[in-house]
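>>> below: sequence and its predicted model.
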Amino acid sequence: MPQTFILPRTILTGRLDKAVSGVLGISLRQARLLIGQGLVLVDGRAARKGMPVHPGQTVRVETLDAGINDVPVRAHVVRRENGFAAVMKPGGVHTVRGKGEPCLESCLDRMGMHGWMLLNRLDFLTSGLVLAAASSEEGARYSAWQDAGDVRKWYLALAHGGIARDFSVRGRILDSKRRVVQVLEEDDEPVRWTLVRPLGATEKGTAVLIRIRKGRRHQIRAHMAHAGFPLVGDPIYGRGEPGGLFLHHWRVELPGFTAQEGPDWPDVSLPSVEAADLLAGTV
């Protein structure tokens, strides 16, 4: 059964893995295994083992008897139609196999999608929609639509700084498979641009709506930091605050298919976002 506790004053400020080890009375290796499996939430958000924590935060450890492959129980199909599906990936879960369990790909069979292929990936800490195709034929159609700019993806995020107007970030991303990607000064092709619209202030940061068409690795996170507005909770391009990364793939549109589902962000009141408003202006 899950265990929930408030970090005591004796913990002081330190790493999550050491705090979980100390409170539960388990080894550091066991604590890191639980965190790596997505079984530990801090203030309702998935976190990494080295995340700094402090007294007063709420930690929930999902010690499920069903085993690690059934951990991401919040993963579910949002929409399935015409050979495509949009699947909700929780934060703190890997997208594909080979990165560690649990992962979204391992959940496809139990969701009635045996043999389906995932079309895009989200970072470990990023939540939201992941697209899937029933066959390679649909996968090829999706790739062609992306190249033509016919796929549109909208993300919701919380960013640091005051954002007063719409803007775009066009710099090409140099991805050398290192932990941190580099944003160059030269413009990338238009389908790789990041378009941003401010929605208003929240308790944790400025809420923004972000649209991309064909993303690169860490594109939104790197572009926002490059523009001077790093995302709240980003451990690589931002400050890595406790509570996790506030980035969620909210809506996707491709020919004949649209899906949308909002984020589950505790203690954050997002301004309303109307899909009809997204068709005009920068975004």
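Everything's here; your move.
>>> care to break the protein down by domain?
3-61, 76-279 (the TED database).
>>> for the last one, give the mean pLDDT please.
This means domain 76-279. The predicted model assigns domain 76-279 a mean pLDDT of 91.
>>> any chance of the domains of the chain in TSV, plus mean neighbour count?
Every residue, glycine included, has its C-beta placed from N, CA and C. TSV is the format used below for these (neighbours: other CB atoms under 10 Å):
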stretch	mean neighbour count
domain 3-61	17
domain 76-279	18
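>>> quick one: contacts for Trp145?
Shown in contact with Trp145 (CB atoms under 8 Å, 6 or more residues apart in numbering): 151, 254-255.
>>> centroid residue for this protein?
In the chain, the residue lying closest to the centroid (CA atoms, centre = their mean) is Thr126, at 1.0 Å.
>>> circling back: could you single out the nearest of the contacts of Trp145 to Arg216?
Ranked by distance to Arg216 (CB to CB), those are led by Val151 at 14.2 Å.
>>> let's see which of the contacts of Trp145 end up in helices.
The members of the contacts of Trp145 all map outside helices under DSSP state H.
>>> returning to that earlier point: please report how far the residue nearest to the centre of the chain lies from Tyr155.
Distance, Thr126 to Tyr155, by CB to CB, to the nearest Å: 8 Å.
>>> which residues are common contacts for the two?
247-249.
>>> which one of those residues sits closest to Gln3?
His248 (26.7 Å).
>>> ok, now which ones touch that closest one?
Neighbours of His248 in contact, by CB under 8 Å, 6+ apart: 126-128, 155-157, 262-263, 265.
>>> those strands in the stretch 51-200 of the chain, which residues are they?
With strands called from DSSP state E, counting those that start in this stretch, the stretch 51-200 of the chain shows them at 52-53, 58-61, 76-81, 84-89, 117-118, 127-133, 152-159, 167-169, 171-174, 182-187, 194-201.
>>> so which residues of the stretch 151-283 of the chain form helices?
Applying DSSP state H, counting those that start in this stretch to the stretch 151-283 of the chain gives helices spanning 219-226.
>>> just to revisit the earlier point, reformat the strands of the stretch 51-200 of the chain as JSON lines; add distance to Asp234.
Shown next, in JSON lines, are these (distance: least, CB to CB, whole Å):
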{"stretch": "strand 52-53", "distance to Asp234": "14"}
{"stretch": "strand 58-61", "distance to Asp234": "21"}
{"stretch": "strand 76-81", "distance to Asp234": "25"}
{"stretch": "strand 84-89", "distance to Asp234": "18"}
{"stretch": "strand 117-118", "distance to Asp234": "23"}
{"stretch": "strand 127-133", "distance to Asp234": "14"}
{"stretch": "strand 152-159", "distance to Asp234": "9"}
{"stretch": "strand 167-169", "distance to Asp234": "15"}
{"stretch": "strand 171-174", "distance to Asp234": "15"}
{"stretch": "strand 182-187", "distance to Asp234": "14"}
{"stretch": "strand 194-201", "distance to Asp234": "14"}
